[in-house]
Each structure stands twice: as C-alpha cells, then as structure tokens.
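Enquirer: With the sequence up front, the predicted model follows.
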Amino acid sequence: MIHDYKFDPAIKDRRRGHGRGRFVVLALAVLAAAAALLHFSGALDGSRNNAELQNPEIPTVGLPADEEQSAPAGHKVSIPLELPPARQTTPAAQPAATPAQPAPQPQVERAERSLLQSMPDTSAEEAVAQTGDKPGEQAHAATEHDTAAMPEMGPRWLTHTISRGESLARIFQARDLSASLLHRIVNSSKTAQQLADIRPGQELRFLLDDENGLEAMILVKSPVESLHIRATGDDFAAELVSKAVERRIASATGTIESSLFVDGQKAGLTDAQIMELAALFGWDIDFALEIRAGDQFRLLYEEQFLDGEKFRNGPILAAEFVNQGKTYQALRFEDDQGSTGYYDAEGRNKRRAFIRTPIKFARISSRFTPKRWHPVLKRWRSHKGVDYAAPTGTPIKATGEGKVIFRGWKGGYGRVVIVQHGSKYQTLYAHMSKFSRAKAGSKVKQGQIIGYVGKSGLATGPHLHYEFRVDGVHRNPLTVKLPKSLPLPESKLAAFKQQTAPLVAQLASVAQGTMVASSEQ
C-alpha cells in the first residue's frame, strides 16, 4: 500500500524527529570546537605571561626598522625609550636563566612626564588615551606627573602682525596693556615716537612677565631695521637696530623688439625697475612716440643681501639708452650731504623742469594740428594739444612743479585741471574721470598724480587731452623746447667725476659683454 507522505502523519513525525537529531549533533560539534579553541588560547596566553615574567620590559615607545622586520607577524616588539647604550638591550638578547633588571622608576617617570608635557592643552584622560595606558590603572598617575611637570609661568614672547586699519591702542588693549602704558612708551624719547608710525604687514613682539607686565617690545619695521624698546624701572629705553646689508652690483642689457616693458622683462628687470628706467630718460625720450625697434638699453643696479640671501633690489646706479642712434646716459651721484640725483656725463641734472608725457606708455591717438575733423562736433577745427588713449582710471601726472589754478568742469574739456608753472608756462589736462586730492590753489610736484583718465566732456572714448602753453600761446607738447636744468656747481663736479668714473667704465664693459660681477659692502 502506497502512502502519500504529505498526508501521512506517521511519516511526518518520523521526519521531524530525524531533523531534531541532526540539529542536536551539529550543536554539540560547534560547542566542542569552541571549547578546544578557548583551551588553546588560554595555553598561549599562559606561555606568553610566563615569558614576560622572566623577561620584564622597560616601558617603551617606537620600534627601529631593523627589529620591526625580524619580529613575527602580529607580534609587537618594544625597545627602551632612549636610555643609555648599556641599557638598550632587547629581551631576546638576554639569557633565559638570568632575569633582566627592572628599569629605574625615576627615569621611567621622567619619560612619561616628558611625553605628557609634549601634548599641548590636553586633559589627563586625553593624555592617557594618547599614550596608550589603561585608563583605570594610569589616569591618576598621569595626572600627578602632568601637575608636577607644569613649570611656573614666566616671561614669554608674543608676536602680532599688524593689519590694515589697526592702531597701537587697539593692539595694546587686546593684550590687556593699558593706554597709559602706551602713552608713556611713545613719549619716553624721540626714538620711541617712531612706534606710532606703524604699517600693515609689520610685526610687533611683546615680552611679558608672569603678571602680564611689559618687559620689552620690538617693532620689526623691515627685514633690515627694527625698533627695540625695553623697560628700565619706571622708564623706557629705545634704540634702532639695523642689520648689516651686503650690496652687490648687477647689470642688465637688452634690445627693443616690441616695447620697453616686454623687452625689459626679457632682460630680467622687474616692473619697478622698468618704470624707474623710463623715468630716468623721460625728459629726453617720449616712450609712447619716439621708441624704435633696435633701440638698446643697459644698466647697472644694486642688489641687497641679508645673511647671504637676496631680499630686494637697490637703486639704478648707471644707465644708458640708445634711441634712434643717439645715446643718453644717467649716472647716480650722492654728494657729501647725502643728497642724491641723476646726471649725464657732463654733470647736468637729468631732472628737467618738465617731463614730456603725463602718462607712461600711453598711445597717441591724436596729435597737435591746426586743422582736424572733430569726431563729436563733426566739423573741422584746430587741435591744440595731444591726445593719449588709455584705459579709464589710468593715473595722470603733473609734468612739472607748479600751482593748480583751476580744477573743475570746463565745457567740452569736461573735468579739467590747469597747472601754472612760474609766470611763463601752463599745462592743461582734460576729459578726466575724477580728480585727485590736489585742489585749486594747492602746489603740486613733478610726477604727482592730479587726476585719472576718463571721457568726460566732448569725447568718444577714454583718453587724456594734454596742452602746453608758453606765455598763453599753445605749443606742440611733443616738440616744444623745454627749459634746461642747471648743472652741478664747480665745487661738486670733481667729486662727481671721481664717483661716477667706475660706473662709466662698467657700463662700457656691459656694452662689450665683458663685465665681471662685483660687490661692495
């Protein structure tokens, strides 16, 4: 008789019994394996503890590369913590029958104390966690070591970098130093008054005692110069300290292919040096109009070194520019009173009463002419000046020393400034976007900014309209004969020749490509 197992209860019960039996056997096997594993682990721990009792280790940190390579995988090896050589022996190197001597406790304490001190601003629990000690066993000891190792508060240096807009009063207040203290320091001497002349980027250093009293301070004015102030009882002593600067002479030479700016950079000159070079010859050459491809320049300049490293360029000492075949020279001369200037080889001052152009490296968009088609009025009229095209906001400089006699709006000129130079000469600057601080009635120096390029008035684009008048008559600013400068007095001419003769010789060497580097202290 065939039974359907799905519906036979007896078969169903027998199969359920067999399943329970197999589950019980499997569970017993797992328990037996776990017991064996625990037994083996306990035996391994016991052997390891016995080895540690026979070879006690000194508390250590780190592991050299050679011992780490020989250590068994998964096993951490410890070595002594920078103890004397006689004590740096690993446990494996000692005989098993001779137990190792325990490390002296005071030295261990010093090692722990040093480690705790090296952790800035941590609590005892954090310090314990970072050293790997067990919290329950070592937290109290670590706290005692940390407290014992904390030194008493003493004099300390604080450094502050001055930001734009900061004042000494605010800096002192931030360090709980009183305003009366600042007043006493600044007024203690004429030298100390220089403390009030601070600049963004300079450093102030304070030496404070354990009661936050000021013992000394230093204003680092530059990499070369610093102001030192120290307390002397109820008063303060101030002195300027300067580092020794080594000065060397360097040279550069180049040929104009595209522009003075581009070719000057190719010659290794900085932007500031290129501008300085253009200013030296700005009375002789119009760099916006007269410079040509093939023109040449060469110069000697000073490099300044601190501790054997260059930190900045000094002034140009001598320069030569060949423009359209004509050679111009500029030689730096310092007289016995410390006054410096630039002169040609005959001792004539390079600085003239006027410079040719009020804007550096600008393009001439319209020249002086008696008849020109006006782009706005759409009719022919005379153009009594020179137009220099430049971006809006380009600085405009006074071409000569004088007095501002007008500043304001004047018809088609737009915003305009007129400067009177003595009784004979007058210059006009028109179409400005805005004025500088020089107001009507104020005196201006040659090269001083009087406004900025714009397109106010009758103008189609941003540019400067510049006029030059002699006794009220308009003259061509590009060709007018400018007043000559006075030469050096006879009493200084001999000293000038003696001081500049080596520079002239070195310039000639540069031209021939034979100059040898030189230095001066």
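Expert: Perfect, thanks for sending it.
Enquirer: okay, CA-based contacts and neighbour counts for the rest of this
Expert: Fine.
Enquirer: What pLDDT is listed against residue 488?
Expert: pLDDT, residue 488: 86.
Enquirer: mind checking which helix or strand of the protein has the lowest mean pLDDT?
Expert: The weakest-scoring helix or strand in the chain, judged by mean pLDDT, DSSP states H and E, is helix 124-131 (a mean of 35).
Enquirer: can you pull the contacts of the residue nearest to residue 260 when sequence neighbours are not counted?
Expert: Take residue 260 and drop its neighbours on the chain: the residue closest to it by C-alpha to C-alpha, 6 or more residues apart in numbering is residue 274, 7.5 Å away. Residues in contact with residue 274 (C-alpha atoms under 8 Å, 6 or more residues apart in numbering) are 260, 261, 264, 265.
Enquirer: my hunch is that the second one is in a strand, does that hold up?
Expert: If I follow you right, that is residue 261. No. Residue 261 is assigned helix when assessed by DSSP: H, G, I helix; E, B strand; the rest coil, not a strand.
Enquirer: Mind pulling up the pLDDT for it?
Expert: 91.
Enquirer: One more: the one 3 residues further on?
Expert: Predicted confidence (pLDDT) for residue 264: 95.
Enquirer: before we move on, what about residue 429?
Expert: 97.
Enquirer: if we can go back for a sec, report the separation between the residue nearest to residue 260 and residue 266.
Expert: Distance, residue 274 to residue 266, using C-alpha to C-alpha, to the nearest Å: 11 Å.
Enquirer: which residues does the nearest residue to residue 308 once chain neighbours are set aside bridge with?
Expert: Nearest non-adjacent residue to residue 308, counting by C-alpha to C-alpha, 6+ apart: residue 246, 7.9 Å away. Under DSSP bridges, the beta-bridge partners of residue 246 are residue 305.
Enquirer: And for residue 246, the neighbour number?
Expert: Residues lying near residue 246 (other C-alpha atoms under 10 Å) number 17.
Enquirer: Likewise for residue 457?
Expert: Neighbours of residue 457 under the rule other C-alpha under 10 Å: 18.
Enquirer: Isn't it up against residue 416?
Expert: No. Residue 457 lies out of contact with residue 416 (C-alpha atoms under 8 Å); the separation is 9.4 Å.
Enquirer: what is in contact with those two at once?
Expert: Joint contacts of residue 457 and residue 416 (C-alpha under 8 Å, 6+ apart) are residue 431.
Enquirer: How about the contacts made by the closest residue to residue 164 other than its chain neighbours?
Expert: The shortest distance from residue 164 to any residue other than its chain neighbours is 5.1 Å, reached at residue 200 (C-alpha to C-alpha, 6+ apart). The contact partners of residue 200, taken as C-alpha under 8 Å, 6+ apart, are 161, 162, 163, 164, 165.
Enquirer: which SS state does the residue nearest to residue 260 fall under?
Expert: Here residue 274 is recorded as helix under three-state DSSP.
Enquirer: separation between it and residue 249?
Expert: In terms of C-alpha to C-alpha, residue 274 sits 17 Å off from residue 249.
Enquirer: do the same with residue 428
Expert: Taken as C-alpha to C-alpha, the span from residue 428 to residue 249 is 41 Å.
Enquirer: How about residue 410?
Expert: Distance from residue 410 to residue 249, by C-alpha to C-alpha: 51 Å.
Enquirer: Looks like the residue nearest to residue 308 contacts residue 309 (just checking).
Expert: No. Counting by C-alpha under 8 Å, residue 246 stays clear of residue 309, with 9.4 Å between them.
Enquirer: Okay, helices next: where are they in this structure?
Expert: 9-54, 65-70, 105-117, 124-131, 135-149, 168-174, 179-186, 260-266, 271-280, 490-512 (DSSP state H).
Enquirer: Quickly list the domain ranges of this structure.
Expert: For the chain, automatic domain parsing gives the domain ranges 103-151, 156-242, 246-352+491-520, 363-475.
Enquirer: what about those domains, which gets the closest to residue 482?
Expert: Across the domains of the chain, residue 482 has its closest neighbour in domain 246-352+491-520 (7.9 Å, C-alpha to C-alpha).
Enquirer: which residues touch stretch 244-256?
Expert: 224, 263-264, 266-269, 292-306, 308, 510-511, 517-521.
Enquirer: are any of those residues buried, and which?
Expert: With burial judged by 16 or more other C-alpha atoms under 10 Å, the buried subset of the contacts of stretch 244-256 is 263-264, 267, 269, 292, 295-305, 510-511.
Enquirer: could you list every residue that touches residue 395?
Expert: Counting by C-alpha under 8 Å, 6+ apart, residue 395 has contacts 359, 449, 450, 451, 452, 453.
Enquirer: By residue count, tell me the biggest strand in this protein.
Expert: strand 309-323 (DSSP state E).
Enquirer: tell me the average confidence for that one?
Expert: 95.
Enquirer: and if you look at stretch 292-299?
Expert: pLDDT averaged over stretch 292-299 gives 95.
Enquirer: Need the distance between the two termini of it.
Expert: Taking C-alpha to C-alpha, stretch 292-299 runs 19 Å from one end to the other.
Enquirer: Not counting its own residues, what contacts that stretch?
Expert: Stretch 292-299 is contacted by residues 251-258, 316-325, 507, 510-511 when judged by C-alpha under 8 Å, 6+ apart.
Enquirer: which of the residues you listed are buried?
Expert: Judged by 16+ other C-alpha under 10 Å, buried ones among the contacts of stretch 292-299: 251-256, 316-323, 507, 510-511.
Enquirer: is it true that residue 403 touches residue 419?
Expert: Yes. Here residue 403 reaches residue 419: they are 5.4 Å apart, a contact under C-alpha under 8 Å.
Enquirer: between the two, which one's more packed in?
Expert: residue 419 (26 against 20).
Enquirer: okay but that one is in contact with residue 438, surely?
Expert: No. Counting by C-alpha under 8 Å, residue 419 does not reach residue 438; the two are 10.7 Å apart.
Enquirer: Give the residues shared as contacts by those two.
Expert: Common neighbours of residue 419 and residue 438 (C-alpha under 8 Å, 6+ apart) are residue 404.
Enquirer: Out of the domains of the chain, which one sits most buried?
Expert: Mean neighbour counts were taken over the domains of the chain using mean count of other C-alpha atoms under 10 Å, and the top value, a mean of 18, falls to domain 363-475.
Enquirer: Just the endpoints, please. Distance across that one?
Expert: First residue to last in domain 363-475 (C-alpha to C-alpha) measures 20 Å.
Enquirer: Thanks a lot, catch you later.
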